[in-house]
Every structure is written in C-alpha cells, then in structure tokens.
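# Quick one, fold the following:
(chains A and B)
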2 protein chains.
Amino acid sequence: MQKLEQIQVIAFDADDTLWVNETFFRDAESLFCDLLSGYLPADEAFQILYETEMKNLPLYGYGIKPFTLSLIEAAVRISQGKLPTAMVEQLLDVGKEMLNQPVELLPGIEETLAHLAKDYRLVVATKGDLLDQERKLNKSGLQDCFHHIEIVSDKTPTHYQKLVNHLDIDADEFLMVGNSPRSDILPVLEIGAHAFLVPFHTTWVHEIPDEPIVHPNYRAFDSVRDILDFL
Amino acid sequence: MQKLEQIQVIAFDADDTLWVNETFFRDAESLFCDLLSGYLPADEAFQILYETEMKNLPLYGYGIKPFTLSLIEAAVRISQGKLPTAMVEQLLDVGKEMLNQPVELLPGIEETLAHLAKDYRLVVATKGDLLDQERKLNKSGLQDCFHHIEIVSDKTPTHYQKLVNHLDIDADEFLMVGNSPRSDILPVLEIGAHAFLVPFHTTWVHEIPDEPIVHPNYRAFDSVRDILDFL
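Model (predicted):
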C-alpha cells in the first residue's frame, strides 16, 4: 500500500463529511411539500423549490439562510399570490430549526481526526456559512483537531488554487477529504492535489457528477477510518 | 510624526470603509417602514425591525440575507398575521436588489490602497457574507491590492487574536482600518494591535460605542488618504 508521504495539509469538507447535514435539508423539503400540498402535488412543489434554489444560487450562495429565502420565494410562487401569513412564519421557523439542529458526528470521524491531528495540519474547507459552520464545529467537540476553518464561496479549481496558495503549500501537498464528487474531488484533482471520497448516504442532486472518476490522485472509501491506511 | 515601522499586515474593513453599504440598509429600512405604514407609524415599525434583527443576530449573523429574513419576520409580526403575499415578494426583492447594488468606492480608497499595496500585505477583514464580499471586491476593481479576504463571524478580541495567529504575525505588527469603533477599533486595541478609524457618515446604531476612545495605538482620521502620513 503506497502512503502519501508528501501531504502537509488535509482539508475536510464539513457538512456530510464530519457531521450529518443533508438529511435536515431533505426533511425540510418534505415538510415544505406537505405544507403546500393544498396547492400542488409534492413532486411539482419540490421541482419548483429546486428551480428556485438553482436560480438563486449565484446570488445567494450555499447554506441554510439562502435555503430559507428560497423556501419562502417558492411558496409565494406555488400559492399564486395567496400564501397564508402563518405559512411564511412556519417556513422562517423551518430555517431557524435547521440552524439550531444538534450536531451528529458521522461514524469514525472522532478517532480518525484524533489520529491525523498528530501528524498533519487539519483544516475545515466548506462552502457553507461561516457562523453556522463555527457553531457546528464548537458543538461537535472537534475544534481542537483543526487549525482553522476555510470558507470558500464555491468549490471550483480556482478557489482550491487560492486555498493552497493561502496555506503556503504546493498542490501536491494538499489532500481534500469530502463526500461530494463535484465539490470535494473533481476541482481538487484538476489543480494537481489529492482527493479522497467518503460518500454520504444522501447526496444533493446538484452535487452528483455525470461520469465515474478515474485519477491517480483519487481514492474512494466506505468509511473515513480507512483513509488512515494511506496516511 | 511617528511612523508605525513594525506593521506587517494592514486589514481593511469592507462595508463603509472601502465602499458604501450602510446607506443601502438605511434605504431598505425606509422602504420597509413605507410598505408597512398601513399597519404602524414608521418609528414603531422601525423599532420592531431593529428588535427582530437583534434577536436574530446570534443565530443569523451579519449580512443582507439575515437582514432580508428579519425584514420578513418583522413584517409578519407587524401585520399581525395578515401580510399580503405581494409584500413578502417585495421584501424578498429588497434583499436581492441590495445584493445586486453597484459598488461605490469611498473617496481616496483607490489611491491609498495602491500606495499601501507596495509596502504592506493588505487583507480585507469583514464579518459580512463571503460570497457577497467577494462579489463586491471583484466589482470594485480593488482585488489586485489585496492578498485575500478574511471572513470572521464576529469582530471580538478572540476573533482578532485568531486572525493575527492565522496571519502568522504578532499583534503589534497588525493594523486594522475601519469605520466602526465597536467592531474595527475596540477589540483590536484589546489584543495589543493598532487601529485607525475612518468614520462613515452613517453608522448603524448597533455599532456605536458609549465612550470616546483614548489609546496609544489608536488614531482617527477624516479621510482615508491621511493614514499614509503614518505608514
């Protein structure tokens, strides 16, 4: 088994890599469709929500607050201008509950990070919202494992190159660990860095790539614990 | 005139230090009060909006998206459960328009930064939203002056200490330039760093301190151009 001797910094994606997240979005979408079932069948309501999120993504970015704004906008559209005020309140509350969710660590994360923190500089690299991610990191008890949180507005090759420059290392010394092929793997491979995929059982449709990934700097794992064999 | 020879990194606050921002919030508040004038006089509507913002601040943080969510929540409360759907749409649009505002640089910023960028590492340090601040920086044409953007979830002494550690310098080698005594000056002085105030004509009531500032590491200026005399 070939170890990656040159790695200096390991960046972990946060949501659905360190802790459960996507599940809360899926639950909120179901609740949204239930709330609006008097206007439209669930699949059509979901479709309008998804379209609204995609339309708003360049302006709003990622995270729970953009999602809440899109919930309200989609509900306005679905109700055709007749949205009960109580429903606006419920949608605001959905967002607040998401922000207040307890942090549920994914299996093996704690022990894996404790091991890696001895030998590597670990950072969190996320396109989520800084305040929300800091809150989750503090609740998680993992804060001592990480040097700092890197927030990026999107996870493109350009953003990763900036991150690597900012960390003052070469791309070949950088390893990204995450659950999203589109965000955590493909753009990282493109700049010549290393990327390990640890899939989460639920992945947002927006994050799923069209093609399987084959690359010498890439590996996929069933459990995060298994990455220790390569480091 | 004593120059600050030891400074390594100069951090500029973004909103109302580099470019106009608070004005857009003030305009949005006026529009909000106008929209809801059928329910309450402007001063009472404003008071409820401000209370809503303060209540949501720990959960939502700073920026236009939290502000938009608070606009909607305050409107729900003011309407006593009878908010026309068209008004929800208008408030969503207020937020989007704010995110789409052109960037208006404050007087003297361009030439001052061009000077300083030759001798110092310049960063943007803001508690705003990363995507929004990146967009403004790109629109501003100032991106080549800055090494990178540092987003902090709040501007407390602890956050500044982390920032200074992250920049790998001593507090005494760090200078913050900003318009808010509460966010850009007081917490910076508390960690032993330097702070220059360049006031903006409009300052959010939440940012105004109770006491005048007297400290050897502190200076206030009428124009950002004047800081060059000390650097």
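# right, and A:Leu59 touches B:Asn100 too?
Yes - between A:Leu59 and B:Asn100 there is a contact under C-beta atoms under 8 Å: 7.2 Å. The C-beta positions use only the backbone N, C-alpha and C, and glycine is treated the same way.
# between those two, which one's more packed in?
Using other C-beta atoms under 10 Å in any protein chain shown as the criterion, A:Leu59 and B:Asn100 rank with A:Leu59 on top: 17 against 10.
# in a helix, that's where that one is, yeah?
Yes - the assignment for A:Leu59 by DSSP: H, G, I helix; E, B strand; the rest coil puts it in a helix.
# residue contacts, the residue lying closest to A:Asp34 once chain neighbours are set aside?
With sequence-adjacent residues excluded and distances taken as C-beta to C-beta, 6 or more residues apart in numbering or on different chains, A:Asp34 is closest to A:Ala42, at 7.6 Å. Contacts of A:Ala42 were listed using C-beta atoms under 8 Å, 6 or more residues apart in numbering or on different chains, and they are A:30, A:33-34.
# any idea how far A:Ser153 is from the closest residue to A:Gly192 other than its chain neighbours?
Among residues not flanking A:Gly192 along the chain, A:Ala171 sits closest, at 4.2 Å (C-beta to C-beta, 6+ apart). According to C-beta to C-beta, to the nearest Å, A:Ala171 and A:Ser153 sit 20 Å apart.
# Show me the shaky parts of chain A.
Applying pLDDT under 70 to chain A picks out residues A:1-2, A:202-210.
# which bits of it sit near chain B?
A:59-61, A:65-66, A:68-69, A:72-73, A:76, A:79, A:81-83, A:85-86, A:88-89, A:92, A:95-96, A:99-100, A:129-132, A:134, A:148, A:151-154, A:162, A:166 (C-beta under 8 Å from any C-beta of the partner chain).
# From A:Lys55, how far off is the residue nearest to A:Asp34?
Distance from A:Ala42 to A:Lys55, by C-beta to C-beta: 20 Å.
# looking at this, A:Ala195 is in a strand?
Yes - A:Ala195 sits within a strand when classified using three-state DSSP.
# Quickly list what it is bridged to.
Under DSSP bridges, the beta-bridge partners of A:Ala195 are A:Met176, A:Tyr218.
# what sits against it?
A:175-178, A:184-186, A:188-189, A:215, A:217-218.
# Tell me how chain A divides into domains.
For chain A, the structural domains run A:9-19+A:104-230, A:22-99, going by automatic domain parsing.
# Can you lay out those as CSV showing distance to B:Leu142?
Output for the domains of chain A, formatted as CSV (distance: least, C-beta to C-beta, whole Å):
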stretch, distance to B:Leu142
domain A:9-19+A:104-230, 16
domain A:22-99, 21
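# Out of the ones you listed, flag the one nearest B:Arg26.
domain A:22-99 (21.4 Å; C-beta to C-beta).
# Between the two ends of stretch A:103-111, how far is it?
17 Å (C-alpha to C-alpha, to the nearest Å).
# What lies in contact with stretch A:222-231?
A:1-4, A:7, A:10, A:17, A:106-109, A:111-112, A:115-116, A:119-120, A:175, A:177, A:196, A:198, A:219, A:221.
# Identify those among these that sit within strands.
A:10, A:175, A:177, A:196, A:219 (DSSP state E).
# Show me how to select, in ChimeraX, the buried members of the residues you listed.
Per 16 or more other C-beta atoms under 10 Å in any protein chain shown, the buried members of those correspond to this ChimeraX selection:
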select /A:10,175,177,196,219
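# helix/strand/coil for the residue of chain A most remote from its centre?
The C-alpha centroid of chain A is most remote from A:Lys82, which lies 33.9 Å away (C-alpha atoms, centre = their mean). Of the three states, A:Lys82 takes coil under three-state DSSP.
# ditto for A:Ala125
Reduced to three states by three-state DSSP, A:Ala125 is strand.
# Touching, it and A:Leu175? I think so.
No - with contact defined as C-beta under 8 Å, A:Ala125 does not reach A:Leu175; the gap is 10.8 Å.
# which residues are common contacts for these two?
With C-beta under 8 Å, 6+ apart as the test, A:Ala125 and A:Leu175 both reach A:Ala11.
# Go ahead and confirm A:Thr52 touches A:Leu69.
No - A:Thr52 lies out of contact with A:Leu69 (C-beta under 8 Å); the separation is 9.1 Å.
# In terms of neighbours, single out the busier of those two.
More crowded of A:Thr52 and A:Leu69, by other C-beta under 10 Å: A:Leu69, with 25 against 21.
# and the more buried one, that's in a helix?
Yes - assessed with three-state DSSP, A:Leu69 lies in a helix.
# Test my guess that it contacts B:Leu69.
Yes - here A:Leu69 lies in contact with B:Leu69, judged by C-beta under 8 Å, at a distance of 6.7 Å.
# And the helices in chain A, which stretches?
A:22-35, A:42-60, A:64-78, A:85-99, A:109-117, A:130-140, A:157-166, A:186-190 (DSSP state H).
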